[in-house]
Structure formats: C-alpha cells, structure tokens
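Novice: turn this into a structure:
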Amino acid sequence: MGHMLHEFQENRGMSNRELRGFLRASKSSLLSLMVCRAPNPDEKFFADDIRVIAQFSNCDLDQLLLLVREVVAIKSLRTPQSQLSSTLLAARDRRRRGKESQPE
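Specialist: Numbering: from 1, shown residues only. From the prediction side, this is the model:
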C-alpha cells in the first residue's frame with residue numbers, strides 16, 4: 001500500500017498530514033497502512049481485502065476505497081499510447097488478412 005499512498009499523494013499534491021486527514025488516520029495508523037500489501041484486484045477478494053486493511057490500519061474504509069480506486073483509475077489512464085496503438089494495429093492487420101483470404 002505504500003506505493004499506492006505515495007501515488008495518491010503525488011496525484012493530489014498532499015502532505016502526509018493531509019493524507020492522514022483524508023483517511024481519518026493517526027501517524028501510527030498511516031505507518032501500519034504503508035506496510036500492508038495492496039488489495040487483490042480480483043472482485044472475489046477485493047472487498048474483503050479492503051476491509052481487512054482498513055481494520056488493521058485503523059483508517060476510514062470508505063476513504064481507503066476511494067483512494068485505491070482513484071490510484072488504479074489514474075494508473076490505467078497513464079498506459080503508454082504506444083502499447084495501445086500497437087495492440088489496435090495488430091487487431092486491424094489481422095482483420096485485413098482475413099478479408100484478403102476470403103473469395104468474393
């Protein structure tokens with residue numbers, strides 16, 4: 001979770017004090033949260049993981065959920081265009097090859 005917390009702070013320009021306020025957490029709670037592993041993104045485990053992490057670190061569950069979702073969303077938006085473009089080009093090329101081999 002330490003990396004996610006850092007990403008969130010960077011995205012929002014927050015200090016540690018502001019982050020603690022956002023999560024409604026004490027200094028020791030924030031330290032506990034930093035050493036936790038990130039929640040499993042699989043929907044079967046995600047909700048339970050968030051609950052356990054919030055209870056362990058004694059922070060606000062809803063705010064922690066918001067933080068995690070925001071970091072994941074922003075990270076997905078930052079996927080390099082080159083990766084996306086090459087994937088789309090490969091799909092387009094495959095469709096063209098399929099059409100060329102079909103008799104008219």
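
Novice: which residue, other than its chain neighbours, is closest to residue 29?
Specialist: Once flanking residues are discounted, residue 29 sits nearest to residue 58: 4.5 Å by Cβ to Cβ, 6 or more residues apart in numbering. Every C-beta, even on glycine, is put in place using the N, C-alpha and C of the backbone.

Novice: can you check residue 51 too?
Specialist: Residue nearest to residue 51 in three dimensions, not counting chain neighbours: residue 61, with 6.5 Å by Cβ to Cβ, 6+ apart.

Novice: can you show me the strands along the chain?
Specialist: Counting by DSSP state E, the chain has no strands at all.

Novice: where does it dip in pLDDT?
Specialist: In the predicted model, the chain carries pLDDT under 70 at residues 81-104.

Novice: before we move on, the earlier item: count of neighbours near the residue nearest to residue 29?
Specialist: Counted with other Cβ atoms under 10 Å, residues neighbouring residue 58 total 15.

Novice: what do you get for the one 3 residues further on?
Specialist: Here the count is done by other Cβ under 10 Å, and residue 61 has 15 residues near it.

Novice: show me what contacts it?
Specialist: For residue 61, the contacting residues are 50, 51, 54, by Cβ atoms under 8 Å, 6 or more residues apart in numbering.

Novice: so the second one versus residue 45, what's the distance?
Specialist: Spelled out, it's residue 51. Counting by Cβ to Cβ, to the nearest Å, the separation of residue 51 from residue 45 is 11 Å.

Novice: out of the contacts of residue 61, which is most surrounded?
Specialist: With neighbours set by other Cβ under 10 Å, the maximum within these is found at residue 54, which has 22 neighbours.

Novice: in TSV: the contacts of residue 61, plus distance to residue 72.
Specialist: Listed next are those as TSV, based on distance: Cβ to Cβ, whole Å:
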residue	distance to residue 72
50	12
51	17
54	16
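
Novice: burial measure for the closest residue to residue 67 other than its chain neighbours, as a count.
Specialist: Excluding the flanking residues, the one nearest residue 67 by Cβ to Cβ, 6+ apart is residue 8, at 5.1 Å. When neighbours are defined as other Cβ under 10 Å, residue 8 has 20 of them.
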